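**Student:** Just need the structure, nothing else, for what follows:
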Amino acid sequence: MNPFKLFWMYLRVGVMNELQYRMNFFIQLLQTFIAVAIGLIGLSLVFSQVNTLSGWSRAELLAVMGVHLLMGGVIRASIQPNMNRFMGDVREGTLDFALIKPVDTQFLVSIREFSFWQLVDVLVGLVVMGVAVAMMGTSIQIWQALGFVAALVMGALMIYCVYFMVTSLAFWIIRVDEIVNLFEGIYAAGRWPVSIYPDWLRTGLTFLVPVAFAVTVPAEALTNRLSGGTLLGALGLTVLLLAMARGVWKLGLRSYGGASA
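**Tutor:** Below is the predicted model of the structure:
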């Protein structure tokens, strides 16, 4: 089966399922506005004491907050729902139904769920970034826009890989939910650029849980801070994490007994 057609089919089904519960849109909108309000209050408190934070201005930190919202929307719309279902399938032995399909199973378990209303975070994140760019008073050059899109895509792939590898621990550990929930707490640190953190934490947020590449690096593209070396490093880490995720998946399948075991 064509993977693009399969992806489109599951996307349509996910959107139609979500549209049945339109009240969820208003709930999600309220949650997003609360998150934006808390973020703005935090920025106001910081800049009531300082003029810049680790070299980042108020407008630039607003851009970071916008990217954090956008990426969070992508995670909660697509990555998190699929990983939750994947974890449940492994625990209950129902992964068999995916394994017998004539398509790459890792791809299949990564696209079956889609939380449409979480895209509110993506749209609000784009608005916040637009306001931040307007406050900076600079126009986005074509190379900045391309760098931003490339960094955003690679950041999303890195987050997917780490999330997938953590979720794959369900092949060996029964209660992996707590570890997955820890990921949410770590991602929250991405609302600030990683340069403000101590070296040990900055390293962890860059290589162990690549929040830096998912949030700070795309924001650097918007604020004209992104270098070609950083982008190449992001590409290399993306390829490495994709290979590692594939390896963990194949290793996990060897340990999977299934419902028929």
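
**Student:** Now for the residue nearest to L157 when sequence neighbours are not counted: which residues touch it?
**Tutor:** Residue nearest to L157 in three dimensions, not counting chain neighbours: T238, with 5.2 Å by CB to CB, 6 or more residues apart in numbering. For the C-beta atoms, the positions are set from N, CA and C on the backbone; glycine is no exception. Neighbouring residues of T238 by CB atoms under 8 Å, 6 or more residues apart in numbering: 154, 157-158, 161.

**Student:** Please tell me how far T238 sits from F26.
**Tutor:** 36 Å (CB to CB, to the nearest Å).

**Student:** ok but E60 is inside a helix, no?
**Tutor:** Yes: per DSSP: H, G, I helix; E, B strand; the rest coil, E60 lies within a helix segment.

**Student:** so where's the stretch 151-261 of the chain uncertain?
**Tutor:** Counting by pLDDT under 70, the stretch 151-261 of the chain has low-confidence residues at 257-261.

**Student:** switch to 90 and redo it
**Tutor:** Scanning the stretch 151-261 of the chain for pLDDT under 90 picks out the ranges 170-191, 195-196, 200-209, 224, 226-228, 254-261.

**Student:** name the element the residue nearest to L157 belongs to?
**Tutor:** helix 228-255 (DSSP states H and E).

**Student:** In that helix, which of the residues would be classed as buried?
**Tutor:** Across helix 228-255, burial judged by 16 or more other CB atoms under 10 Å covers 230-231, 234, 237-238, 241, 245, 248-249, 252.

**Student:** would you list those in JSON lines and tack on distance to R22?
**Tutor:** Listed next are the buried residues of helix 228-255 as JSON lines, based on distance: CB to CB, whole Å:
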{"residue": "T230", "distance to R22": "41"}
{"residue": "L231", "distance to R22": "40"}
{"residue": "A234", "distance to R22": "38"}
{"residue": "L237", "distance to R22": "39"}
{"residue": "T238", "distance to R22": "36"}
{"residue": "L241", "distance to R22": "37"}
{"residue": "A245", "distance to R22": "35"}
{"residue": "V248", "distance to R22": "38"}
{"residue": "W249", "distance to R22": "36"}
{"residue": "G252", "distance to R22": "38"}
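
**Student:** Grab the nearest non-local neighbour of the residue most central in space within the chain.
**Tutor:** Geometric centre of the chain, nearest residue: I75, 3.9 Å, by CA atoms, centre = their mean. Nearest non-adjacent residue to I75, counting by CB to CB, 6+ apart: I159, 6.1 Å away.

**Student:** neighbours around the closest residue to A59 other than its chain neighbours, how many?
**Tutor:** Nearest non-adjacent residue to A59, counting by CB to CB, 6+ apart: M135, 3.7 Å away. By other CB atoms under 10 Å, the residues close to M135 number 14.
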